[in-house]
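show me the folded form of this:
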Amino acid sequence: MKDALGDGNDFVYRDLQVFPVASAGIKKLGAVEPETGVAPHTLFFSVFIPDGLTTDDRAQLGDVANAYFSRRYNQTLWIGGGYAIRLGRVGIGAGAYALIGSTSYFLDLNVVTPGGAEFVILSARDDLSTLGFVGSAGVRWDVTDQLRLGLSVFTPEWGGGSRNSFVRIGFSTGTTAGGFASQDNDLSATPSLPLRVQAGVAWEAGRWTVAADLIFLGPRNIHDNPERAPDGLDRIVVRRPVLNVAVGGELALGGGFALRAGFFTDFASSDPARVDVDNTSHVNHYGLTLSGGLRTEHVRTDVGVTGWWGKGTDVIPRNLDFSLLGRTDATEYGVFVFLATAYEF
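Residues are numbered from 1 along each chain as shown. Got it, this is the predicted structure:
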């Protein structure tokens, strides 16, 4: 982020992200129907983490005595299941999920003038935990043997949560010194996941399959503990409506092997003008993915790589007590490798 550590001091960070393994189970029920070649009833259960972020970074502000340390952890676990039924060329399903979210942020900043007569030492930590629920419904229509259409809806997340906040500041002006500490527990934390509507189309012709999705994320505004706004302890989340796109294709090579490639967008839903919100980052991402797979009689294995790049803005402090905030340019990029295996009993 440009000038995040003061004018002329950009903050550059790099981290290795490791995501736990996601698991799912599918059970077909009923006799196989001759028309579709599959059983009409399906039960499913899944446990997964769709995304997560951990940053653990530090920087030096000129002299070695001037240090900046920041650590952020953000992750949500989904646990759920559902039922689907096949009615000829139409499939209808519904599901429900419990979401367990956790976020923590730690900041440590030391700024000391030459000689050590004047200094500012700041430590801050915020911890947030949420428990929410999401419902889903979907329909798929096999228009022909080659053309398929789909539509799915995920409700906004319902639930609640709590926040804990700690701040400690010590300072010296050379002639006077002071400091204070503040600990606030049991603040509110409302889940902020918005409505999600996704429509897709797929076309299969010989060895080729191409597909495209449109993903709509609805608006959502949250304001926790507005009565604590004078103390800077309220929490504001503003999400504006966003439309994303994903397109991809698969080529069957024979012998159970297949190659896939795709493109996707992940546009920011935050307000690019506000600095008083909790979701300050406003970076629009673009990504590419490439993968290969092997399918045998009972096992299907896929391995691939996804890369993404984004540019936008984020919020940085313009003074040491964080009372003056401003926006600055931010650029993000990442690459991750994934491995997935499924076994068909």
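
just the pLDDT for A24.
For A24, the model assigns a pLDDT of 89.

so it is in contact with W78, correct?
No. A24 lies out of contact with W78 (CB atoms under 8 Å); the separation is 10.5 Å. C-beta coordinates here come from the backbone N, C-alpha and C atoms, glycine included.

looking at the two, which is more packed in?
Using other CB atoms under 10 Å, the more surrounded residue of A24 and W78 is W78, with 16 against 11.

Three-state assignment for that one, please.
Secondary structure assignment for W78 (DSSP: H, G, I helix; E, B strand; the rest coil): strand.

who's in contact with it?
Counting by CB atoms under 8 Å, 6 or more residues apart in numbering, W78 touches 46-50, 97-99, 134.

reformat those residues as CSV; add distance to L195.
As requested, the contacts of W78 are exported to CSV (distance: CB to CB, whole Å):
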residue, distance to L195
S46, 20
V47, 23
F48, 20
I49, 21
P50, 16
Y97, 14
A98, 18
L99, 14
V134, 10
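
among those, which are located in helices?
Assignment to helices by DSSP state H places none of the contacts of W78 there.

mind checking which of those are in strands?
46-48, 97-99, 134 (DSSP state E).

which residues does the residue most central in space within the chain contact?
Closest residue to the average C-alpha location of the chain: D51 at 4.5 Å, with CA atoms, centre = their mean. Shown in contact with D51 (CB under 8 Å, 6+ apart): T76.

per-residue confidence for it?
75.

and the gap between it and T301?
23 Å (CB to CB, to the nearest Å).

what's the answer for L122, then?
49 Å.

neighbour count for the two, which is higher?
L122 (20 against 15).

going by neighbour count, list what's buried in stretch 223-234.
By neighbour count on 16 or more other CB atoms under 10 Å, the buried set for stretch 223-234 is 224-225, 233-234.

okay, buried residues for the helix or strand of the chain with the lowest mean pLDDT please.
When the helices and strands of the chain are compared on mean pLDDT, DSSP states H and E, strand 52-60 comes out lowest with a mean of 75. The neighbour-count check on strand 52-60 (16+ other CB under 10 Å) flags A59 as buried.

which residues touch stretch 303-317?
1, 3-4, 260, 266, 268, 272, 275, 280-293, 324-340.

redo that, cut-off 6 Å
For stretch 303-317, the external contacting residues (CB atoms under 6 Å, 6 or more residues apart in numbering) are 1, 4, 275, 280-291, 325, 327-328, 330-339.

and the residues you listed, which are buried?
The neighbour-count test (16+ other CB under 10 Å) applied to the contacts of stretch 303-317 identifies 1, 4, 275, 280, 282-285, 287, 289, 291, 327, 330, 332 as buried.

sort these by pLDDT and name the bottom one.
A4 (53).

which other residues reach stretch 108-125?
65-69, 106-107, 166-174, 320.

swap the cut-off to 7 Å and go again
Identification of contacts with stretch 108-125 by CB atoms under 7 Å, 6 or more residues apart in numbering yields 61, 65-69, 105-107, 166-174, 320.

so which of those residues belong to strands?
Taking DSSP E as the definition of strands, the contacts of stretch 108-125 contribute 67-69, 105-107, 166-173.

with neighbour count added, can I get the residues you listed in JSON lines?
Below are the ones in strands among the contacts of stretch 108-125 laid out as JSON lines (neighbours: other CB atoms under 10 Å):
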{"residue": "A67", "neighbour count": "15"}
{"residue": "Y68", "neighbour count": "20"}
{"residue": "F69", "neighbour count": "14"}
{"residue": "Y105", "neighbour count": "16"}
{"residue": "F106", "neighbour count": "16"}
{"residue": "L107", "neighbour count": "16"}
{"residue": "F166", "neighbour count": "15"}
{"residue": "V167", "neighbour count": "18"}
{"residue": "R168", "neighbour count": "15"}
{"residue": "I169", "neighbour count": "18"}
{"residue": "G170", "neighbour count": "15"}
{"residue": "F171", "neighbour count": "17"}
{"residue": "S172", "neighbour count": "17"}
{"residue": "T173", "neighbour count": "11"}
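
just give me the closest of those to T144.
Closest approach to T144 among the ones in strands among the contacts of stretch 108-125 (CB to CB): Y105, at 51.4 Å.
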